[in-house]
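> quick one, fold the following:
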Amino acid sequence: MITLRKAKDRFHTRIDWLDSWHTFSFGEHYDAEHMGFRVLRVINDDTVQPGQGFGEHPHRDMEILSYVLEGGLSHRDSSGGGGVIRPGDVQRMSAGSGVVHSEFNASSTEPVHFLQIWILPERRGIKPGYEQKSLLRRDQGGKLQLLASRDGRDGSVTIHQDASVYATLLGKGERASFEPARSRSAWVHVARGAVELNGQKLSAGDGAAVTDERALTFVGTDAAEVLLFDLP
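Purely as a prediction, here's the structure:
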């Protein structure tokens with residue numbers, strides 16, 4: 001079964017320096033029917049204006065992934081992690097027993113557009129940590145690239161949860177496929193463009209909860225960037 005969550009139905013925060021769309025309940029936006037999906041808790045689709053960002057603030061007991069679509073995102077945290085994240089990169093911060101971090105647009109002239117993703121860890125109080133890798137190549141159309149996994153396989157960043165995060169870039173007419181293991185579920189998020197997922201149309205910002213599907217087939221109906229979460 002595939003249950004769509006359309007982009008227009010997401011929660012929205014807009015202030016002078018930030019335009020953010022929340023797939024699930026976040027901050028002042030609360031809906032008991034949309035508190036996440038399985039261990040996936042947050043997908044925030046953020047655009048931050050030049051030279052602006054999120055000042056130092058704390059997190060704990062969460063696996064946080066940052067995935068940049070356009071521009072550069074500068075990160076610093078109290079575990080010693082830091083760097084500029086750009087398209088093709090994925091960053092993982094394990095908040096664990098507690099971490100303080102900041103995220104700012106690395107440019108003084110151009111906005112940064114990125115996804116911030118929170119995944120519930122399999123246990124509380126782990127040692128905080130940071131990891132950043134360049135993984136998604138622009139010339140690999142039709143391939144699902146593993147970005148994050150519990151065992152760090154295929155060069156992915158390591159998260160403390162039995163979940164796997166993939167991304168794919170599809171040109172118009174290009175296809176990608178995935179077979180969830182029995183008893184697993186999936187969430188699909190279209191970051192850009194448009195696709196058909198098992199014949200259902202999804203556009204930028206749309207999401208889909210997937211349960212009891214033996215196979216998933218993505219077809220680009222326009223140039224598209226799609227994230228797939230394989231979840232327990």
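
> now V90. Nearest residue, chain neighbours left out?
Nearest residue to V90, sequence neighbours excluded (CB to CB, 6 or more residues apart in numbering): L147, at 4.6 Å. C-betas here are computed from N, CA, C, even on glycine.

> where's that neighbour, which helix or strand?
Assigned by DSSP states H and E, L147 belongs to strand 145-149.

> who's the residue positioned nearest the centre of the chain bridged to?
In the chain, the centroid-proximal residue (CA atoms, centre = their mean) is I117; its distance is 4.3 Å. Bridge pairing for I117 (DSSP bridges) gives the partners I43, L65.

> ok, it touching D46?
No. Using CB atoms under 8 Å, I117 is not in contact with D46; the gap is 11.0 Å.

> can you list the domains in this structure?
Following automatic domain parsing, the chain resolves into domains at 10-134, 145-231.

> how far out from the middle of the chain is the longest one?
Put plainly, it is domain 10-134. 9 Å (CA atoms, centre = their mean, to the nearest Å).

> contact partners for the nearest residue to A215 once chain neighbours are set aside?
Distances taken as CB to CB, 6+ apart place E179 nearest to A215, at 5.0 Å, with adjacent residues excluded. If a contact means CB atoms under 8 Å, 6 or more residues apart in numbering, then E179 has 214-216 as its contacts.

> now, which of the residues you listed lie within strands?
Of the contacts of E179, the ones assigned to strands by DSSP state E are L216.

> drop anything exposed from the contacts of E179.
L216 (16 or more other CB atoms under 10 Å).

> quick one: the residue nearest to A215 from G155, how far?
21 Å (CB to CB, to the nearest Å).

> same thing with E122?
Going from E122 to G155 by CB to CB gives 22 Å.

> these two: which has the busier surroundings?
A count of neighbours by other CB atoms under 10 Å puts E122 above the other of E122 and G155, at 15 against 12.

> got a pLDDT number for the more buried one?
For E122, the model assigns a pLDDT of 96.

> apart from its neighbours in sequence, what residue is nearest it?
Of all residues beyond its chain neighbours, the one nearest E122 is Q161 (5.0 Å), with distances taken as CB to CB, 6+ apart.

> measure R123 to H160 for me?
7 Å.

> between the two, which is the more surrounded one?
Neighbours per residue (other CB under 10 Å) separate R123 from H160, with H160 holding more: 21 against 9.

> and that one, helix, strand or coil?
coil (DSSP: H, G, I helix; E, B strand; the rest coil).

> surely it meets P121?
Yes. Counting by CB under 8 Å, H160 touches P121, with 4.4 Å between them.

> how about stretch 106-126 as PDB, C-alpha atoms only?
In PDB, the C-alpha atoms belonging to stretch 106-126 read as follows (Å, rounded to 0.1, in the frame of the first residue of the first chain):
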ATOM      1  CA  ALA A 106      28.000  29.300   3.800                       C
ATOM      2  CA  SER A 107      27.400  32.000   1.200                       C
ATOM      3  CA  SER A 108      26.900  35.700   1.700                       C
ATOM      4  CA  THR A 109      25.200  36.100  -1.700                       C
ATOM      5  CA  GLU A 110      23.200  32.900  -2.500                       C
ATOM      6  CA  PRO A 111      20.500  30.900  -0.500                       C
ATOM      7  CA  VAL A 112      21.100  27.400   0.600                       C
ATOM      8  CA  HIS A 113      18.400  24.700   0.100                       C
ATOM      9  CA  PHE A 114      18.700  21.500   2.100                       C
ATOM     10  CA  LEU A 115      16.900  18.700   3.900                       C
ATOM     11  CA  GLN A 116      17.300  18.100   7.600                       C
ATOM     12  CA  ILE A 117      16.300  14.500   8.500                       C
ATOM     13  CA  TRP A 118      15.900  13.100  12.000                       C
ATOM     14  CA  ILE A 119      15.900   9.400  12.700                       C
ATOM     15  CA  LEU A 120      15.200   7.900  16.100                       C
ATOM     16  CA  PRO A 121      18.300   6.000  17.400                       C
ATOM     17  CA  GLU A 122      18.000   2.300  18.600                       C
ATOM     18  CA  ARG A 123      19.200   3.300  22.000                       C
ATOM     19  CA  ARG A 124      19.600   6.400  24.100                       C
ATOM     20  CA  GLY A 125      22.700   8.000  25.500                       C
ATOM     21  CA  ILE A 126      25.200   7.100  22.800                       C
END
